[in-house]
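Colleague: Return atomic coordinates for the entry below.
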Amino acid sequence: MNITLKNKKYLIVLPAIAALLIALIPTLKYQWPLGFDIIYHVLYAQIYAHNGFTLVNPLLNAPIGQKIGYPPLFHFLIAGIGTLGIDFFQVARLLQPILTMSIVLSVSYVACKFNGKITGLGAGFLMLSSLLVGRMILPLPENLALIFIPLTVYLYYQSIKNKNLKTAFLSGILLILVILTHQAATLCLVLAIISITIMELVIYRNFKVLRNFLSFFMMLIVISIAGLISLQIFAPQLLQTLWQQGITTITGLSTSLPSNRPLGILSYLGNIGVLVLIFSIIGALAAAKRHHRKDNLIFVWIISMILLSNAYWFGVNVISYRVLIYLLIPLSILGGCGISFIYYKLKEYRRFSSKKVRTIFLVAIFALSMLSGVLTVNDPDIAIFSTKNEFGTVQIAPPSDSEVDLANWFQKNGNKSRSIVISNQFTGMFLASRTGMPMNYGFEVNSIKNYPYLDLSKIKDHKIGYIVYDKNLVFPEEDNYMYIKSVPSEFYPLYYFSQNITNYFDEIKPDYATKVYENKDFIVCKIEIGYLNY
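Modeller: Below you'll find the model as predicted:
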């Protein structure tokens, strides 16, 4: 390796190639895409593919439907590739190495532009040394947005440095892509841009930066005004509802979190990674001596993400872990500066000044980073996702063999004009994504014999055709009599029975339902009421 890199500009892609190889390990090892979130993202992609752009998902909360609540760009990407005849789940699986490689390449490129090729190489490899590489591999809208964020920040910096409003405007176009991809990514990006702007105003007394700031948001302002005018002309009622009830009511987009999940300091250190922290500290010390504007930009970017991850200090709910990936980007760039500083500092010591010694130093750091990444993705837990509740944990991804068999049964035998109620709504989400069967959220009311609030007419009105029981959702210590309990968990409630339902199924099953399928973990009953008897 020629570490002078004078004519070796393409070596900057080495971290991205390493990221691709690392991400291929779990991609080839597991037949399903990683994570539970991708199940409902695939569902949204399928909705767009079949119905065109819509704000409502008709397969959830049938027959009313449920607001999608996500920007559509990632789902359009899956749907677009899926139209080539590829299964949407396999499209998501294909995106895993591509997204990971693209994130690392974006960070490496920006780090290189900030402080040279050694910094770019170092930043990219340091990304792989973090435990958060396990999150970067997930096929998520957030990871698509992460590709644009470093480029957006860099272009905004360039617009300030070169006093070029066109570059700020171009940066604002990338902001639009982030807005169309992920809400939290938009918040993190805007907060970083605001922090950089405040730094220019306060530290450098650069009041002309306000023009760059306005140019950055110009495209967003133009699109917003055009959108409001269009609504006023073509859908004035919708515009009035938007003003009165807010954007969440119309689109389902969440503007706040219902709960707070902070992290302890050890969790911060453990997830970010030792190598990133060590070299970012070295990079910070070197940058503090230089006191360059670009170094201060990285500092305020890091500080803004640290403050956001601890927003609960100010009474704002935040999932701290989700912010760490946004913090990792500037920390890795700063860590790359630390690697570059040591590399060139070694020239001053005769014993270590030879190119061979300095090359060995770089190769060792890069090899350690890759080893850490390989160990992270080889951990079997990377493929297992569970939800916790008062009775323990329930695996929600990847789909079990029983869930796949259940989906196959519905694909062959299910009537898609009828919805299902299911005690495990995580499985219900998979069924909706895999089979196109609508899911109704009224399991408790419709699944028990002689339920006190049962209304048969509502079963007909809601077109409920199937009841699905998860045989595993039973109290750890069975009670003396049979009843059902809704147990809160992340995303959905789970419905537990007080006794083993296999042994007492006749006491549970409503008289209007007939058992039509059973496997290791699930029982399916078909509802037979009036015209639903088919």
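
Colleague: can you give me the helices for the stretch 301-450 of the chain?
Modeller: Assignment of helices within the stretch 301-450 of the chain using DSSP state H, counting those that start in this stretch yields the ranges 320-345, 355-378, 401-413, 425-435, 443-446.

Colleague: hang on, residue 523 packs against residue 517?
Modeller: Yes. Taking contacts as Cβ atoms under 8 Å, residue 523 lies within contact range of residue 517: 7.4 Å. C-beta coordinates here come from the backbone N, C-alpha and C atoms, glycine included.

Colleague: if you count what's nearby, which of these two comes out ahead?
Modeller: Ranked by neighbour count (other Cβ atoms under 10 Å), residue 523 and residue 517 place residue 523 first, with 21 against 17.

Colleague: pretty sure the more buried one is in a strand, no?
Modeller: Yes. Under DSSP: H, G, I helix; E, B strand; the rest coil, residue 523 falls within a strand.

Colleague: list the contacts for it?
Modeller: Residue 523 makes contacts with 468, 469, 471, 501, 502, 505, 515, 517, as judged by Cβ atoms under 8 Å, 6 or more residues apart in numbering.

Colleague: how does it look with 7 Å?
Modeller: By Cβ atoms under 7 Å, 6 or more residues apart in numbering, the contact set of residue 523 is 469, 471, 505, 515.

Colleague: Of those, which is the most crowded?
Modeller: That'd be residue 469 among those, by other Cβ under 10 Å, with 26 neighbours.

Colleague: Under a three-state scheme, what state does it occupy?
Modeller: Under three-state DSSP, residue 469 falls in the strand class.

Colleague: Which one, of the helices of the stretch 301-450 of the chain, ends up nearest to residue 75?
Modeller: helix 425-435 (11.9 Å; Cβ to Cβ).

Colleague: Now do the buried residues in that closest one.
Modeller: Neighbour counts using 16 or more other Cβ atoms under 10 Å place 425, 426, 427, 428, 429, 430, 431, 432, 433, 434, 435 of helix 425-435 among the buried residues.

Colleague: if we can go back for a sec, which two in the contacts of residue 523 are spaced the farthest apart?
Modeller: Spatial extent of the contacts of residue 523 (Cβ to Cβ) is set by the pair 471 and 515 at 12.3 Å.

Colleague: Count the neighbours of the nearest residue to residue 488 once chain neighbours are set aside for me.
Modeller: Nearest residue to residue 488, sequence neighbours excluded (Cβ to Cβ, 6 or more residues apart in numbering): residue 389, at 6.5 Å. The tally of other residues near residue 389 (other Cβ under 10 Å) stands at 15.

Colleague: Test my guess that residue 389 contacts residue 489.
Modeller: Yes. Counting by Cβ atoms under 7 Å, residue 389 does reach residue 489; the two are 4.3 Å apart.

Colleague: quick one: secondary structure of residue 511?
Modeller: Under three-state DSSP, residue 511 comes out as coil.

Colleague: do you know how far the closest residue to it other than its chain neighbours is from residue 307?
Modeller: Nearest residue to residue 511 in three dimensions, chain neighbours excluded: residue 449, at 6.5 Å (Cβ to Cβ, 6+ apart). Going from residue 449 to residue 307 by Cβ to Cβ, to the nearest Å gives 55 Å.
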